[in-house]
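> Pasting the sequence and the predicted coordinates here, then a few questions.
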Amino acid sequence: MPPILIASDHAGFDLKERLESWLRDLGYAVKDLGTQNEESTDYADYAHPLAQQVSNGAAERGVLLCGTGLGMSYVANRYPHVRAAVAWSPEIAEL
């Protein structure tokens with residue numbers, strides 16, 4: 001199974017670290033595309049590489065984390081074959 005890509009800006013860093021650990025504990029392979037700390041960053045620097053890899057088929061799925069989720073989803077949705085949405089609960093994610 002291809003790895004799940006995960007990336008965040010500084011605002012999503014803590015959640016990215018926790019989610020990555022949880023996914024690994026569940027047995028998933030995870031490829032962390034950054035950021036690696038809480039230093040201020042531009043969300044697009046992390047959203048573009050993840051979306052590009054999903055778009056070109058190098059990965060089946062990814063998780064993008066930022067302050068609101070909106071910026072990351074705007075960037076990701078510019079790529080062919082990528083559909084990104086903001087999900088704040090399991091119910092919303094399922095819908």
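Great, that's in hand.

> Residues touching the least confident helix or strand in the chain by mean pLDDT, excluding its own?
Taking mean pLDDT, DSSP states H and E as the measure, the helices and strands of the chain show their lowest mean at helix 90-94, namely a mean of 89. Taking C-beta atoms under 8 Å, 6 or more residues apart in numbering as the criterion, the residues outside helix 90-94 that touch it are 85, 87. Every C-beta, even on glycine, is put in place using the N, C-alpha and C of the backbone.

> what sits opposite Leu65 in the beta ladder?
Leu65 has the following beta-bridge partners by DSSP bridges: Ser8.

> ok, it touching Leu5?
No - at 11.6 Å, Leu65 does not count as touching Leu5 under the criterion of C-beta atoms under 8 Å.

> Let me know how buried Gly27 is, in neighbour terms.
Using other C-beta atoms under 10 Å, Gly27 has 7 other residues around it.

> Show the pLDDT at it.
With respect to pLDDT, Gly27 has a value of 95.

> got the residue ranges for the helices in the chain?
With DSSP state H applied, the chain shows helices at 13-25, 44-55, 70-76, 90-94, listed in chain order.
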